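> Next one to model:
(one chain, ligands or ions: 1)
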Amino acid sequence: MNIDSDYSFQDQDPVYLFTNENAVDTLRVIGGVNGERVLTVGASGDHAFEAYLAGATHVDTFDINSAQNCVVELKTKMIKNLDYANFMDFFFEKNEFFNQKIIKPLYPKFSHELMVFLAKYIMYGNALFKYHGAICAKYIEPNISYIRSPENFEKLRDALPEKINFVHCGLDGVTKNFQEKYDVVILSNIFDYLYLQDMIREPRMIRFYNEILRPIANQNLSRKNGRICMNYMWNANHGNWANFMSHFERAIIQRPEHKFDARVVDSVYRGRKDDVVLVMTQNMGRQK
Ligand SMILES: C[S@@+](CC[C@H](N)C(=O)[O-])C[C@H]1O[C@@H](n2cnc3c(N)ncnc32)[C@H](O)[C@@H]1O
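Take a look at the predicted model:
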């Protein structure tokens with residue numbers, strides 16, 4: 001497996017337990033994923049969960065950090081087998097956080113990797129997590145539909161498969177490891193951490209297109225209305241990004257099959273609308 005050490009994220013880094021993006025509104029601004037196939041970075045699993053809740057028929061995941069798959073497996077099995085109250089206690093009740101008693105009945109269902117991950121928690125505690133301090137239901141609840149209500153949690157239980165397919169690879173390994181086509185590809189905000197040796201936006205975006213987006217679009221993206229969520233941004237200037245994406249499309253890339261734009265997403269901070277997701281859309285005309 002070729003995992004580029006230039007990346008800011010490494011295998012076995014501390015993990016995200018929940019998304020810090022508005023994954024729900026991201027799906028809305030790309031027209032939903034009902035009946036569609038989705039490929040997403042694994043991360044906390046929340047992009048995959050929201051896609052299933054929004055009616056996706058199949059979701060595959062990848063991540064440079066294989067420990068994220070332990071989070072995806074843990075949450076998937078908890079959602080499938082425990083009730084909402086237990087799930088909420090395990091992650092959000094201070095005195096119950098990661099209380100093994102809650103998940104013990106599920107141990108026989110857990111993979112070896114997940115059991116090792118759980119043992120690490122006993123050794124390292126909260127150092128195992130990114131942003132542990134921000135794991136507060138009040139802060140993230142509005143953005144994550146399956147923790148917003150027991151009804152959504154149960155709906156997700158029905159929509160989720162027993163296991164979500166995960167491949168341990170970096171963005172540069174996606175075309176090698178995935179052969180199928182997807183209607184939507186979600187890349188979270190990985191772009192923020194790529195090509196940091198060049199701080200200028202245009203050359204970074206050109207490299208991103210040539211080295212990552214175009215190969216993925218060629219091999220893995222539906223030829224008709226295939227969408228890549230290229231980057232999620234917080235507190236972004238929508239007008240500025242919309243202008244840049246239009247310039248990028250017309251003056252730089254100049255490929256009629258690839259359109260670029262910036263869409264406003266409801267901010268993770270309620271009442272504001274200043275998150276932005278950059279979207280690339282592929283339409284190959286009549287070609288199948
Ligand atoms: C960029 S991080 C940020 C968290 C994100 N905003 C969220 O809401 O989950 C998301 C995930 O991307 C993964 N990641 C970062 N760089 C990557 C790369 N080059 N290839 C594949 N995965 C990567 C990280 O391991 C992490 O699990």
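> beta partners of T281?
T281 has these beta-bridge partners by DSSP bridges: R227, K259.
> who's in contact with it?
T281 makes contact with N225, G226, R227, I228, H258, K259, F260, D261, according to Cβ atoms under 8 Å, 6 or more residues apart in numbering. In this view, the C-beta of every residue, glycine as well, is placed from N, C-alpha and C.
> Can you flag the buried ones in those?
G226, R227, I228, H258, K259, F260, D261 (16 or more other Cβ atoms under 10 Å).
> From those, pick the one nearest D13.
Checking the buried ones among the contacts of T281 against D13 with Cβ to Cβ, the nearest one is I228 at 24.1 Å.
> doesn't R263 make contact with C229?
No. Under the criterion of Cβ atoms under 8 Å, C229 makes no contact with R263, lying 9.2 Å away.
> which residues do those two both contact?
Taking Cβ under 8 Å, 6+ apart as the criterion, C229 and R263 both touch I30, V277, V279.
> Can I have the buried ones of these as a ChimeraX selection?
Of these, the buried ones go into a single ChimeraX selection, burial set by 16+ other Cβ under 10 Å:
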select :30,277,279
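> between the shared contacts of C229 and R263, which is closest to E162?
I30 (27.2 Å).
> quick one, phi/psi of the closest one?
Dihedral pair for I30: phi -100, psi 10, per degrees, to the nearest 10.
> Can you tell me how far the residue nearest to it when sequence neighbours are not counted is from the ligand?
Leaving aside its sequence neighbours, I30 sits nearest to R227 (Cβ to Cβ, 6 or more residues apart in numbering; 4.9 Å). Using Cβ to the nearest ligand atom, to the nearest Å, R227 is found at 18 Å from the ligand.
> Same question for F91.
Note on F91: its distance to the ligand, by Cβ to the nearest ligand atom, is 15 Å.
> And that residue, which helix or strand is it part of?
For F91, the host element (DSSP states H and E) is helix 84-92.
> for L278, same thing?
Assessed by DSSP H and E, L278 sits inside strand 275-282.
> and that strand, anywhere near the ligand?
No. Using Cβ under 6 Å from any ligand atom, strand 275-282 stays clear of the ligand, with a minimum separation of 10.9 Å.
> what mean pLDDT does that strand have?
Mean pLDDT, strand 275-282: 97.
> and what of stretch 230-239?
95.
> what does that stretch rub up against?
Residues from elsewhere that reach stretch 230-239, judged by Cβ under 8 Å, 6+ apart: 21, 26, 187-192, 208, 213, 241, 262, 264-265, 267-268, 274-280.
> Now which of those would you call buried?
By neighbour count, with 16+ other Cβ under 10 Å, the contacts of stretch 230-239 hold 21, 26, 187-191, 208, 213, 241, 262, 264-265, 267-268, 274-280 as buried.
> Could you pull out the strands in this structure for me?
37-41, 58-63, 165-168, 184-186, 226-233, 258-265, 275-282 (DSSP state E).
> any chance of the ones you listed in TSV, plus distance to F153?
Output for the strands of the chain, formatted as TSV (distance: least, Cβ to Cβ, whole Å):
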stretch	distance to F153
strand 37-41	20
strand 58-63	18
strand 165-168	22
strand 184-186	22
strand 226-233	24
strand 258-265	23
strand 275-282	24
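> isn't R37 right next to T57, touching?
Yes. R37 is within contact range of T57, at 6.1 Å (criterion: Cβ under 8 Å).
> For those two, work out which one has more neighbours and name it.
The neighbour comparison of R37 against T57 (other Cβ atoms under 10 Å) goes to R37, with 19 against 14.
> The more buried one and F90, how far apart?
Distance, R37 to F90, by Cβ to Cβ, to the nearest Å: 31 Å.
> Under the pLDDT cut-off, which ranges of the protein? List them.
1-7, 132-134, 270-271, 286-288 (pLDDT under 70).
> Break it into its domains for me.
23-166, 189-282 (automatic domain parsing).
> from the chain's centre, how far out does the longest one sit?
Computed by Cα atoms, centre = their mean, to the nearest Å, the chain-centroid distance of domain 23-166 equals 11 Å.
> cool, the shortest one as well?
Domain 189-282 has its average C-alpha position 15 Å from the chain's average C-alpha position, going by Cα atoms, centre = their mean.
> Between the two ends of that domain, how far is it?
End-to-end span of domain 189-282 (Cα to Cα, to the nearest Å): 20 Å.
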